[in-house]
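pasting a predicted model and its sequence here:
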Amino acid sequence: MESPPLVPAVPTHPSRSGWLDALRGIAALVVVFDHSSYTFVPELRRELMPEFNTSRYGIMVFFLVSGYIIPASLERRGCVRTFWIGRIFRVYPLWAAVVAVLLTLGLIGVAEVRDFGGQGVVTVAVAHATMLQELLGTPNLLLVLWTLSYEMSFYLLVVALFTVRLHQRSATVSVVLAALAAVSVAAGVVLPVSALSGVVGTGPLVAFASMAMVVAIGCASSGSPAPRVFGGVLGGVLAFVLVLFNGTVPLWEGLVILAVMFLGTAVYRAEHGQSTWRDVAGTALLVVACAVGSAYRYGDGDHFTRRGWIVAFLLAVVTFGAGLWSRRRRAPRILTVLGTISYSVYLVHPVLLAVIDGTMGRRRQDSLALEVAFFGVLLPLCLLTHRCVEVPGRAWGRRLTHRLRPRDERQRHPASHAGT
């Protein structure tokens, strides 16, 4: 994860966004290495992963950056409608292009598409359209898409807090979520994967959640206070329930992910004078303690070693802290460029890997040369997708937002436009 992707918005002031872009660049490189290591350096991967979970490191950095940026994007606009327009045109164009390319490659037999697990095409398509498929019991067409479900949940929760005017309580929300994670592990609460889908059925859950999400976003974007609050709360409740009862990661980790994003928001508030650095330091200590304690208590399991997770989590927090500390310095150009195209890097690399795995196959022995060559092919391709898909998509969103701006200003300040 803008992210967490992650798919965060890019701040307009370059001096403030450089360190965030650099962090996203680092996270993108690590996530790509994590996934490409299956194909090119399997021996190195087997040695490294138990000690350092590279996937969790990358996504936690993405989630921290998203937590810092996303609420700022909403509050800068001051309008839920334009926030959602910005998110949709930021996230969906590349997502749709990548999914379309993957399905096309699957049809012609060049890349292997993940099985739907016996679910209908319509159910899978609708679940993916909401971007909540990971929390709706539906297999991800691309493995990396699971983090976008947590990003979307975060969007819904941020809008919920904004509509009920609790958005500045980020530190409190972060601590509460982290504490719930620790309590759930201490109490031994273990839910089956996609537990809610198992109870009500995947199809009905997808249908209900998709309709609820449309209503939530539509009402939250209203100019009238009552529908706006109803929509915000509905979306927030939907997101929280799905994270609690229908994730595929353990309950405690889903809560930690949300806590980490709100920790990023708490940092933003201190940076902009809305809270104190002492409050943020206390919040960070509590969140880290709860997260590390939860992972340690959870113990080792299939495809999970607590040492690897804890090391990755702590390094992600340290990386974000180092970026924050050096925010007034000029970030390396290569990292800021990587950060700018990080969403493309995040979504495009698994498609390229699917083609390689489907044609050449995975190596049994390490080949660092092929690993480097993969990056050499991937990054120019991502520059192209960024320029040809992402940039036009954001431009369309800005144009639509500009057209709606007078109406949104009237909704936010109705008295000032009376009689016009």
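Yep, that arrived.

okay, buried residues for stretch 66-86 please.
66-75, 77, 79-86 (16 or more other C-beta atoms under 10 Å). C-beta: built from backbone N, CA, C; applies to glycine.

all strands of the stretch 151-300 of the chain, in order?
Counting by DSSP state E, counting those that start in this stretch, the stretch 151-300 of the chain has no strands to list.

just for it, where's the confidence low?
In the predicted model of the stretch 151-300 of the chain, no residue satisfies pLDDT under 70.

tell me where it has helices.
170-186, 195-200, 202-220, 225-245, 251-271, 277-298 (DSSP state H, counting those that start in this stretch).

related to what we said a few turns ago, the buried residues of stretch 66-86 in helices, which ones?
Of the positions in the buried residues of stretch 66-86, 66-75, 77, 80-86 sit in helices, assigned by DSSP state H.

correct me if wrong: Asn246 contacts Leu205.
Yes - counting by C-beta atoms under 8 Å, Leu205 is a contact partner of Asn246 at 7.4 Å.

neighbours of Leu379, how many?
Using other C-beta atoms under 10 Å, Leu379 is surrounded by 20 other residues.

should've said Val99
Neighbours around Val99, by other C-beta under 10 Å: 19.

is it true that it lies in a helix?
Yes - using DSSP: H, G, I helix; E, B strand; the rest coil, the assignment for Val99 is a helix.

and the closest residue to it other than its chain neighbours, what pLDDT?
Nearest non-adjacent residue to Val99, counting by C-beta to C-beta, 6 or more residues apart in numbering: Leu141, 5.9 Å away. Note for Leu141: predicted pLDDT of 92.

for Leu141, what are its contacts?
Counting by C-beta atoms under 8 Å, 6 or more residues apart in numbering, Leu141 touches Val99, Leu102, Leu103, Val113, Arg114, Val124, His128.

give me phi/psi at it?
Note on Leu141: its backbone torsions stand at phi -60, psi -40 [degrees, to the nearest 10].

what comes up buried for stretch 289-305?
In stretch 289-305, counting by 16+ other C-beta under 10 Å, buried: Cys290, Ala291, Val292, Gly293, Ser294, Ala295, Tyr298, Phe304, Thr305.

is it correct that the fourth one is in contact with Ala182?
In this case it means Gly293. Yes - contact criterion C-beta under 8 Å: Gly293 and Ala182 qualify, at 5.6 Å.

my guess is Gly247 contacts Gln133. True?
No - in this structure, Gly247 is not within contact of Gln133 by C-beta under 8 Å, at 11.7 Å.

output stretch 54-70 as CSV, restricted to C-alpha atoms.
Only the C-alpha atoms of stretch 54-70 are listed here, as CSV (Å, rounded to 0.1, in the frame of the first residue of the first chain):
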residue,chain,number,x,y,z
THR,A,54,10.1,-7.5,2.9
SER,A,55,6.4,-7.5,1.9
ARG,A,56,5.2,-6.2,5.3
TYR,A,57,8.0,-3.7,5.4
GLY,A,58,7.0,-2.2,2.0
ILE,A,59,3.3,-2.1,2.7
MET,A,60,3.7,-0.6,6.2
VAL,A,61,5.7,2.3,4.7
PHE,A,62,3.0,2.8,2.1
PHE,A,63,0.3,2.7,4.8
LEU,A,64,2.1,5.3,6.9
VAL,A,65,2.5,7.6,3.9
SER,A,66,-1.2,7.1,2.9
GLY,A,67,-2.2,7.9,6.5
TYR,A,68,-0.3,11.2,6.3
ILE,A,69,-1.6,12.3,2.9
ILE,A,70,-5.2,11.0,2.5
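
now it: mean pLDDT?
97.

and that stretch, how far out from the chain middle?
A distance of 7 Å separates the centroid of the chain from that of stretch 54-70, by C-alpha atoms, centre = their mean, to the nearest Å.

per-residue pLDDT, Arg407?
Model confidence at Arg407 (pLDDT) stands at 56.

scratch that, Arg76 is what I was asking about
pLDDT, Arg76: 87.

any idea how far it lies from Thr82?
10 Å (C-beta to C-beta, to the nearest Å).

Ala171 now?
As judged by C-beta to C-beta, Ala171 and Thr82 stand 26 Å apart.

how about Ser326?
Look at Ser326 and Thr82: by C-beta to C-beta, they are 32 Å apart.

now swap in Phe374 and tell me
Per C-beta to C-beta, Phe374 is found 39 Å from Thr82.

joint contacts of Asn246 and Leu205?
Among the neighbours of Asn246, those also in contact with Leu205 (C-beta under 8 Å, 6+ apart) are Leu136, Gly137, Leu196, Ser197.

quick check, nearest of the residues you listed to Leu347?
Taking C-beta to C-beta as the measure, Leu347 lies nearest Leu136 of these, at 19.6 Å.

residues touching the closest one, list them.
Contacts for Leu136 (C-beta under 8 Å, 6+ apart) come out as Ala127, Thr130, Ser194, Ser197, Thr202, Leu205, Val206, Ala209, Leu242, Asn246.

ok, so of those residues, who is nearest Phe262?
Nearest to Phe262 among the contacts of Leu136, with distances taken as C-beta to C-beta, is Leu242, at 17.0 Å.

count of residues packed around that closest one?
When neighbours are counted by other C-beta under 10 Å, Leu242 registers 26.

cool, and His272?
Applying other C-beta under 10 Å, we find 10 residues neighbouring His272.

what do you get for Ala239?
For Ala239, the neighbour count with other C-beta under 10 Å is 27.

now do the contacts for it.
Counting by C-beta under 8 Å, 6+ apart, Ala239 touches Leu132, Met152, Ser153, Phe154, Leu156, Leu157, Ala160.

tell me the one of those residues nearest Val61?
Once C-beta to C-beta is applied, the member of these that ends up nearest Val61 is Phe154, at 15.0 Å.

could you find the closest non-adjacent residue to that closest one?
Phe154's closest residue in space is Met261 (C-beta to C-beta, 6+ apart), at 5.0 Å.

check which helices and strands the strand or helix carrying Arg90 sits against.
Assigned by DSSP states H and E, Arg90 falls within helix 80-107. Where contact means 3 or more C-beta pairs under 8 Å, 6 or more residues apart in numbering; DSSP states H and E, helix 80-107 is packed against helix 54-77, helix 146-163, helix 202-220, helix 225-245, helix 342-359, helix 391-412.

fine, thanks again, bye for now.
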